[in-house]
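In: the following comprises the amino acid sequence and a computationally predicted model.
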Amino acid sequence: MAEKKTIAVMGATGAQGGGLVRAILRDKTGGFAARAVTRNPASKKGQALAAAGAEVVAADVTDQASLERAFAGAYGAFCVTFFWEHFSPEQELADATALARAAKQAGVRHVIWSTLENTRKWVPLSDDRMPTLKGKYKVPHFDAKGEADDVFRKLGVPTTFLLTSFYWENFIFFGSGPKRGPDGKLALTLPMDDKKLPGIATEDIGKVAYAIFKRGQEYIGKTIGISGEHLTGDEMAAALTRALGEDVRYNPVSPETYRGFGFPGADDLGNMFQFKRDFQQAFCGPRDPKIARGLNPELQTLDQWLAQNKTRIPLE
Ligand SMILES: NC(=O)c1ccc[n+]([C@@H]2O[C@H](COP(=O)([O-])OP(=O)(O)OC[C@H]3O[C@@H](n4cnc5c(N)ncnc54)[C@H](OP(=O)(O)O)[C@@H]3O)[C@@H](O)[C@H]2O)c1
């Protein structure tokens, strides 16, 4: 049998990378092997990946030499950065640059870069409809990712640019789920008015990424936007109501109100939702669910995701 092509996967113990590792390991005859990159192979999650059949290697995204070792001999690399670990767009750009340089140095033949829009192309810093944050950003956790696209291009790294969407897992882990008001009723609070929010199950990001690696050359140099469904606040609240068997109301607030909620990153997320609300065509257009479904026929809708995950949503 021909030797398998190795895909080095950043964030392998996390959401996007974890889904990709599982997709590779499930496809026993697909011709690919998973190299899971973690800071700590001895951790429980690292050991579980090894037991499932992945090669598990140590690297830190802030240490380019460790990335070069992790990418050595790999056919592909899935590159993702970890904004919410540090909240620094400068750090994110530096990490993405280290990933691109390491991929170039190691001669990786296909990189998927998990990116997002540089929103300043639509909302220049001079545009005061939303505040400028951290000195030179509109949506810090988007802008540096989008800026990093050019680093991959300039270095000549053979890259597919993967535009991801709002994880429905944010209803579980990120504090974005329905909350009980003083009246005891559940409400889903988002600053989206009646506009649509593209969302996706994180497991599907990994499945789509794997399909892109399998199709290979035809996707190099392309930007691929993915989502499971585009839904309004009312539609998401209705899906939550059906799944939870309890009324969930959509509570639309203004971006200003959302930015003022005060939790870490509220201003960044307020600007993000405002960008998605005010630039629907630019944001939803490239993320037509047909694209993701063509690559991953198992793509979940929100109803399907909720059927599997509703009991994991904390209802405080
Ligand atoms: N939440 C959303 O809706 C959403 C949507 C689109 C894009 N994103 C973006 O997704 C990115 C995060 O990806 P994710 O959600 O897949 O991550 P995640 O689930 O939070 O997992 C990240 C994994 O990466 C590893 N990691 C953290 N710091 C690292 C470092 N310095 N070096 C190497 N590995 C490190 C950790 O593994 P070890 O501890 O094992 O090293 C962790 O398990 C963020 O940049 C975010 O902006 C999020």
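Out: Right, received. Where do you want to start?
In: relative to Leu269, how far out is the spatially closest residue to Lys104 that is not a sequence neighbour?
Out: In space, Lys104 comes closest to Leu155 once its chain neighbours are excluded; the distance is 4.9 Å by CB to CB, 6 or more residues apart in numbering. (Glycine included, C-beta is placed from N, CA and C.) Relative to Leu269, Leu155 is positioned 31 Å away (CB to CB, to the nearest Å).
In: over to Met10?
Out: Spatial separation of Met10 from Leu269 under the definition CB to CB is 23 Å.
In: neighbours of the closest residue to Lys134 other than its chain neighbours, how many?
Out: Beyond its immediate neighbours in the sequence, the residue positioned closest to Lys134 (CB to CB, 6+ apart) is Pro140, lying 5.2 Å away. Taking other CB atoms under 10 Å as the neighbour definition, Pro140 ends up with a count of 25.
In: can you pull the contacts of Pro140?
Out: With contacts defined as CB atoms under 8 Å, 6 or more residues apart in numbering, the neighbours of Pro140 are 83, 87, 89, 133-134, 268.
In: buried ones among those residues?
Out: 83, 89, 133, 268 (16 or more other CB atoms under 10 Å).
In: next SSE downstream of whichever strand or helix holds Gln105?
Out: Assessed by DSSP states H and E, Gln105 sits inside helix 89-106. Reading on from helix 89-106 to the C-terminus, the next helix or strand found by DSSP H and E is strand 110-115.
In: if we can go back for a sec, CSV for the contacts of Pro140, including distance to Ser43, secondary structure and pLDDT?
Out: Supplementary listing: the contacts of Pro140 in CSV, determined by distance: CB to CB, whole Å; DSSP: H, G, I helix; E, B strand; the rest coil; pLDDT from 0 to 100:
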residue, distance to Ser43, secondary structure, pLDDT
Phe83, 21, helix, 98
Phe87, 23, coil, 98
Pro89, 28, helix, 98
Leu133, 33, strand, 98
Lys134, 31, coil, 98
Asp268, 28, helix, 98
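In: between these, which is closest to Leu163?
Out: For Leu163, the closest of those turns out to be Phe83, at 15.2 Å, with distances computed as CB to CB.
In: measure that closest one to Ser227 for me?
Out: For Phe83, the distance to Ser227 (CB to CB) stands at 19 Å.
In: spit out the contact partners of Lys145.
Out: Under the criterion of CB under 8 Å, 6+ apart, the neighbours of Lys145 are 81, 83, 92, 96, 114-116, 118.
In: redo that, cut-off 7 Å
Out: The contact partners of Lys145, by CB atoms under 7 Å, 6 or more residues apart in numbering, come to 81, 92, 96, 115-116.
In: for Leu93, same thing?
Out: By CB under 7 Å, 6+ apart, the contact list for Leu93 reads 144, 147-148.
In: would you map the strands across the stretch 201-316 of the chain?
Out: The residue ranges that make up the strands of the stretch 201-316 of the chain, judged by DSSP state E, counting those that start in this stretch, are 223-225, 229-231, 248-252.
In: ok, which of these comes nearest the ligand?
Out: Ranking the strands of the stretch 201-316 of the chain by their distance to the ligand (criterion: CB to the nearest ligand atom) puts strand 223-225 first, at 11.4 Å.
In: the closest one pairs with which strands, parallel or anti?
Out: Strands flanking strand 223-225 in the sheet, each with its direction: strand 159-163 (parallel) (DSSP bridges).
In: can you name the next helix or strand after the strand it pairs with?
Out: Past strand 159-163, further along toward the C-terminus, the next helix or strand under DSSP H and E is strand 166-167.
In: and the pLDDT for Ala144?
Out: The predicted local confidence for Ala144 comes out at a pLDDT of 98.
In: identify the residues contacting the closest residue to it other than its chain neighbours.
Out: Distances taken as CB to CB, 6+ apart place Pro89 nearest to Ala144, at 3.6 Å, with adjacent residues excluded. With CB under 7 Å, 6+ apart as the criterion, the residues that contact Pro89 are 134, 137, 140, 143-144.
In: quick one, what contacts Gln300?
Out: 201, 204, 228.
In: near the ligand, which residues of the protein? Just list them.
Out: For the chain, the residues in contact with the ligand under the definition CB under 6 Å from any ligand atom are 11, 13-17, 38-40, 43, 45, 60-62, 80-85, 141, 164, 166-167, 170, 174.
In: mind listing which of these are in helices?
Out: For the residues of the chain next to the ligand, membership in helices holds for 15-17, 45, 83-85, 141, 170, with DSSP state H as the criterion.
In: closest point of the protein to the ligand, which residue?
Out: When you check the chain against the ligand by CB to the nearest ligand atom, the closest residue turns out to be Gly14, at 1.9 Å.
In: quick one, phi psi at that residue?
Out: phi -110, psi -160 (degrees, to the nearest 10).
In: can you report how many residues lie near it?
Out: By other CB under 10 Å, the burial measure for Gly14, its neighbour count, is 15.
In: pLDDT value on it, please?
Out: Reported pLDDT at Gly14 in the predicted model: 98.
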